[in-house]
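Peer 1: got a predicted model here, sequence first, then my questions.
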Amino acid sequence: MRPMSLLPILRCLLIACLLPTAAPAAAATGIVQLQVHEPTTDTRMPAMLFYPSPAQGAPTRIGPYVVDASFGLPRQTGPHPLVLISHGHGGSALGHHPLAVALAEAGFLVAAIEHAGDSHLDQSGFGTERVLLGRAWQVSSLLDTLLADPEWAALIDPHRIGIAGFSAGGHTALALLGAEPDPARRVRYCQQHPQDEELCLQAPADAPALEQRRPLQDSRISAAFLMAPLAVFYDAQALALVQRPVFLHAAMADDVLLPRWNALAVRDGVAALRDWRAVVGAGHYVYLAPCPPPLATALPTLCSDPPGVDRRRVQAQLADEVIDFFQQTWSR
């Protein structure tokens, strides 16, 4: 999640190096770019697919990041479990690339979407049904895209499909698992917290209600790992509708999405919660990929952590927990 005023900086940093260039170390994870069409809102968006490979490659520079994956590597035969990644408000398909690579190295396919109307390049859907509801449809369309491709479908185990969601991506994951969002809850929340910059001071885009709708829940997704999830749109009754396994990771010094109204509400409301972890002292953005120096200089709020919090260490432990959660869930 990030303020609209940062968009020009982000465009400069994240688009300046669109053509990938290789860096000089070994990697055994392949990466490919995809295009996704979501028919209900008629939106199109990019996605990145990370996959295990039997060959070694080299890390690749994409935008400001050096990603430990290579384009063009051969694919390791499957079937593999698949994890879909949904980023936060204003994020990108590469915002969680260390987690994606760790999962691919553990034998997972990982597909990270860049949400239309709610990405670092385009926040025109902020606060609208096109994003509030459309995010879930976009993830389902990403899954449709993969399963419609015979080569990728042959590598996916349809009984082992999960989602990892950060911030607004956590909201997305909850909707895909059956929770029903209520937009009116944002209004009630902002009456009590009018100075909440993320949810209340940013004005929603002016857009009409959607004329067409379809269910948000996707029965193909069997488990979710949530990181500092946005949960203001769900009351206890809505969270109780989630019947598939959930693991919750919470940043306890989060001043962007207050834990009491978000992460802790999920902890207390989801009966299918398998486990949860509290990262004491960590802020909201600890779940974003560590920032290279130019990005850290331009976006210190997103790139810095409170004293005593080591983002790389937190994310290394997080990756182990994500892998363990999905493996244990699907081995039962």
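Peer 2: Yep, that arrived.
Peer 1: CA only for contacts and neighbour counts going forward, please
Peer 2: OK.
Peer 1: list the contacts of the longest helix seen in the chain.
Peer 2: Ranked by number of residues, the top helix in the chain under DSSP state H is helix 311-331. Contacting residues not belonging to helix 311-331 are listed as 98-99, 102-103, 106, 160, 162, 223, 225, 245, 247, 286-287, 290, 305 [CA atoms under 8 Å, 6 or more residues apart in numbering].
Peer 1: looking at these, which are in strands?
Peer 2: Mapping the contacts of helix 311-331 onto strands (DSSP state E) picks out 160, 162, 223, 225, 247.
Peer 1: name the nearest of those relative to residue 199.
Peer 2: Using CA to CA, residue 225 comes nearest to residue 199 of the ones in strands among the contacts of helix 311-331, at 22.6 Å.
Peer 1: from residue 157, how far off is that closest one?
Peer 2: 18 Å (CA to CA, to the nearest Å).
Peer 1: cool, and residue 103?
Peer 2: 15 Å.
Peer 1: tell me which of the two has more neighbours.
Peer 2: Each of residue 103 and residue 157 has its neighbours counted (other CA atoms under 10 Å); residue 103 has more, 24 against 15.
Peer 1: which non-adjacent residue is nearest that one?
Peer 2: Excluding the flanking residues, the one nearest residue 103 by CA to CA, 6 or more residues apart in numbering is residue 323, at 6.5 Å.
Peer 1: got it, and residue 33?
Peer 2: Nearest non-adjacent residue to residue 33, counting by CA to CA, 6+ apart: residue 48, 4.8 Å away.
Peer 1: the helix or strand containing that neighbour pairs with which strands?
Peer 2: For residue 48, the element it lies in under DSSP states H and E is strand 43-57. Sheet partners assigned to strand 43-57 using DSSP bridges are listed as strand 27-38 (antiparallel), strand 109-113 (antiparallel).
Peer 1: mean confidence (pLDDT) on that strand, please.
Peer 2: For strand 43-57, the mean per-residue pLDDT is 96.
Peer 1: please begin residue numbering at 402 from this point
Peer 2: In the new count, where the first residue is 402, that last one comes out as strand 444-458.
Peer 1: low-confidence bits of this protein, can you list those?
Peer 2: The model of the chain has pLDDT under 70 over residues 402-428, 604, 606-609.
Peer 1: can you pull out the strands in it?
Peer 2: 422-423, 428-439, 444-458, 461-463, 466-468, 471-472, 481-487, 510-514, 557-567, 624-628, 647-652, 674-680.
Peer 1: show me what counts as buried in the second one.
Peer 2: For strand 428-439, a neighbour-count test (16 or more other CA atoms under 10 Å) marks 428, 429, 430, 431, 432, 435, 437, 438, 439 as buried.
Peer 1: OK, contacts around the second one?
Peer 2: Under the criterion of CA under 8 Å, 6+ apart, the contact list for residue 429 reads 453, 454, 455, 456, 457, 458, 470, 471, 506.
Peer 1: PyMOL command to pick out the buried ones of those residues?
Peer 2: Buried residues among the contacts of residue 429 (16+ other CA under 10 Å), as a PyMOL selection:
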select buried, resi 453+454+457+458+470+471+506
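Peer 1: from the contacts of residue 429, which single one is nearest residue 483?
Peer 2: Of all these, residue 453 has the smallest distance to residue 483: 11.3 Å, by CA to CA.
Peer 1: mind listing what the closest one touches?
Peer 2: Per CA under 8 Å, 6+ apart, neighbours of residue 453: 429, 430, 431, 476, 477, 505, 506, 507, 508, 509, 510.
Peer 1: now distance to residue 697 too, for those, in CSV please.
Peer 2: Shown next, in CSV, are the contacts of residue 453 (distance: CA to CA, whole Å):
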residue, distance to residue 697
429, 28
430, 26
431, 27
476, 34
477, 35
505, 26
506, 27
507, 29
508, 31
509, 30
510, 29
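Peer 1: next, give me the two most distant ones among those residues.
Peer 2: Across the contacts of residue 453 (CA to CA), the longest gap, 14.0 Å, separates 476 and 507.
Peer 1: which residue ranges of the stretch 452-601 of the chain form helices?
Peer 2: Counting by DSSP state H, counting those that start in this stretch, one finds helices in the stretch 452-601 of the chain at the ranges 498-506, 530-533, 535-549, 551-554, 569-577, 585-593.
Peer 1: could I get those helices as a markdown table with distance to residue 492?
Peer 2: Output for the helices of the stretch 452-601 of the chain, formatted as a markdown table (distance: least, CA to CA, whole Å):
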| stretch | distance to residue 492 |
| --- | --- |
| helix 498-506 | 12 |
| helix 530-533 | 13 |
| helix 535-549 | 13 |
| helix 551-554 | 25 |
| helix 569-577 | 10 |
| helix 585-593 | 21 |
